[in-house]
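*Asks:* What follows is a predicted structure for the sequence shown.
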Amino acid sequence: MTDPLICLGIETTAHTFGVGIVDENGTILANVKDSYTTPSGGMIPTKAAEHHLECCDTVIRAACEKANLKVKDVDLIAYSNAPGIGHMLRIGTFAAKTLAHLKKKPLVPVNHSIAHLEIGRKLCKLDDPLLLYASGANTQIITYENGRYRIMGETLDNGVGNFLDSFARALGLGFPGGPLIEQLARNGKQFIDLPYTVKGMDISFGGLLTHIERKIPSVKKEDLCFSVQEHAFAMLLEISERAMAQANKQQLLLGGGVACNKRLQAMAQIMCKEREATCHIPDNQFLVDNGAMIAWTGLLMYRQNKKKAIVPLKKAWINPYERVDQIDVFWR
Ligand code: AMP
Ligand code: MG
C-alpha cells in the first residue's frame, strides 16, 4: 500500500493567516492560525498584510511541528488565490510559491469559498449540501448544479460579518465584532423593529446598518444587538430556505465565521427541522477561515486531475474577485 498523499494549505484571503496539513483520507494533521485583531476600530488591509508577513514563518513551523513532519515530506502545496483582499492574498501566494519552489512541490491554487463547502462536505459526510456561507466579506447561498458551484442568492452590499463588524465599530468595540455582539445580544430583552431587506433571493445590509447606527444613542446596546441578530439571521435563513426548496436540497451546511454564532445555529436548526431537512455545522475551527480547508480542497483537485489542478510557479497569482461559478468543478 502506498502512503496517502499529504497537502499543506495556506489561507490568507482576509484577517487570518492559516496553515493546514491534511492527508488524502481527510485526516487533519494540523490546522494552525494566527488572526489579525484590534482592540477598537476595524481591519486595515495594509496592517493585516503586515500581520501575515510577521507570523507566516511561525505558523508554518507550528503546523509542521503539530503534524510531526517537514515541508519536504508533503506531496503538494495549496494556497487560497481567491476571492479576498489583494494585500493579504499576495502574502499567502508568496509564501506558498516560495515553499513550492524551494522544496520542488506542485502548487495548487484554491478558491476559498469552494474550500468552505468541500471541508464541510468531508467533515459532515455530506453528498450534496446547500451552503450558507456567512463570513466577513462573503455572504452567499451556494450549491452544486451541473458541473459548477452556483450562487443561488447573496448579499447585494456588505457581507454579514462586515456588517456586524461595522456595527461593532460604531459601538466602540474592536475587530472582529461579531463575537462581541453575540455576547451583548445574550442580555438583550427588548425586540426592536428594524429594516428587513430581502429582494427575491438576495439580501442587503446597507440600510439596516445606517438605521441602527442612528439608533445607538437612544437604545440599550444589548437590546439593539439582540434585535440586529434576529433580523440579520432571519434574512439569511429566509433565502437559505427558499434556495433549498427551489434546488430541492435536503442538507443545509453552515460555513464562515458568522456561522460560529449560537443564535444563527439555533435558527438554522429550527428551519431545517420544520422542513424535514438536516442541518450540519462543522467545529468552529473549520467554520472560520482556516488552512485545513485549503489543503483538503487542493488535495481533492490534485488527486482527480494533476494537470488541471497545478499552476506553474510563473503563473501563480491571485484573483481577488473570482466567483465560485467561474470554476470548473472537475473533481466531483
Ligand atoms: P471569516 O472571514 O470566515 O473568518 O469570518 C470572520 C467574520 O466572522 C468576522 O466578520 C467576525 O465578526 C465574524 N464572527 C466570528 N465569530 C462570530 C460570532 N460568534 N457571531 C457573529 N459573527 C462572528
Ligand atoms: Mg471565509
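*Replies:* Arrived safely, thanks for sending. Ligands and ions are numbered 1, 2, ... in the order given.

*Asks:* Give the closest residue to the closest residue to ligand 2 within the stretch 1-150 of the chain in space, chain neighbours not counted.
*Replies:* In the stretch 1-150 of the chain, the residue that lies nearest ligand 2 is Ser135 (3.8 Å; Cβ to the ion). For glycine as for every other residue, the C-beta is placed from the backbone atoms N, C-alpha and C. In space, and not counting its chain neighbours, Ser135 is closest to Gly256: 3.2 Å by Cβ to Cβ, 6 or more residues apart in numbering.

*Asks:* Make sure the one you found is actually in contact with Ile119.
*Replies:* No - using Cβ atoms under 8 Å as the test, Gly256 is too far from Ile119 to be in contact (11.7 Å).

*Asks:* what sits against the residue nearest to Ser135?
*Replies:* By Cβ atoms under 8 Å, 6 or more residues apart in numbering, the residues touching Gly256 are His116, Leu132, Tyr133, Ala134, Ser135, Gly136, Asn138, Thr139, Gly161, Leu287, Val288.

*Asks:* Tell me the pLDDT of the fifth one.
*Replies:* Read it as Ser135. Here the pLDDT value assigned to Ser135 is 95.

*Asks:* Compute the number of surrounding residues for it.
*Replies:* Neighbour count for Ser135, taken as other Cβ atoms under 10 Å: 25.

*Asks:* same deal with the last one?
*Replies:* Val288: 26 surrounding residues under other Cβ under 10 Å.

*Asks:* any idea where the helices of this protein begin and end?
*Replies:* 45-67, 86-103, 112-123, 160-170, 178-186, 206-215, 221-247, 262-274, 284-287, 291-304, 306-309 (DSSP state H).

*Asks:* can you pull the buried residues of the longest one?
*Replies:* Neighbour-count burial for helix 221-247 flags 221-233, 235-244 (criterion: 16 or more other Cβ atoms under 10 Å).

*Asks:* try the fifth one
*Replies:* Along helix 178-186, these residues count as buried under the neighbour rule (16+ other Cβ under 10 Å): Gly178, Leu180, Ile181, Glu182, Leu184, Ala185.

*Asks:* Ok, the fourth one next?
*Replies:* Within helix 160-170, the residues scored as buried using 16+ other Cβ under 10 Å are Val160, Gly161, Asn162, Phe163, Leu164, Asp165, Ser166, Phe167, Ala168, Arg169.

*Asks:* tell me what that helix is packed against?
*Replies:* Applying 3 or more Cβ pairs under 8 Å, 6 or more residues apart in numbering; DSSP states H and E, we find helix 160-170 packed against helix 178-186, helix 206-215, helix 221-247.

*Asks:* was I right about Ile21 contacting Leu69?
*Replies:* Yes - the criterion here is Cβ under 8 Å, and Ile21 meets it with Leu69 at 7.2 Å.

*Asks:* Pop the domain breakdown of the chain in here.
*Replies:* Taking automatic domain parsing as the reference, the chain has its domains at 6-116+287-326, 128-281.

*Asks:* where do the contact lists of Ile21 and Leu69 overlap?
*Replies:* With contacts taken as Cβ under 8 Å, 6+ apart, Ile21 and Leu69 have Ile6, Leu29 as neighbours in common.

*Asks:* out of the two, which sits in the more crowded spot?
*Replies:* Neighbours of Ile21 and Leu69, each counted by other Cβ under 10 Å, are more numerous for Ile21; the result is 27 against 16.

*Asks:* What residues are bridge-paired with that one?
*Replies:* When bridges are called by DSSP bridges, Ile21 pairs up with Leu8, Ala30.

*Asks:* Per-residue pLDDT of it, please?
*Replies:* Listed pLDDT for Ile21 reads 98.

*Asks:* and the stretch 1-150 of the chain, which residues reach ligand 2?
*Replies:* Within the stretch 1-150 of the chain, the positions adjacent to ligand 2 are Ser135 by Cβ under 5 Å from the ion.

*Asks:* How about the residues of the stretch 1-150 of the chain by ligand 1?
*Replies:* Taking Cβ under 6 Å from any ligand atom, the part of the stretch 1-150 of the chain that reaches ligand 1 is made up of Ala14, Thr16, Ser135, Gly136.

*Asks:* Repeat the analysis, applying 8 Å as the threshold.
*Replies:* Within reach of ligand 1 by Cβ under 8 Å from any ligand atom, the stretch 1-150 of the chain has these residues: Thr13, Ala14, His15, Thr16, Ser35, His116, Ala134, Ser135, Gly136, Ala137, Asn138.

*Asks:* Just the ones in strands from the residues you listed, please.
*Replies:* Among these, DSSP state E puts Thr16, Ser35, Ala134 in strands.

*Asks:* which residue sits closest to the first one in space, ignoring its chain neighbours?
*Replies:* Right, Thr16. Nearest residue to Thr16, sequence neighbours excluded (Cβ to Cβ, 6+ apart): Asp289, at 4.1 Å.
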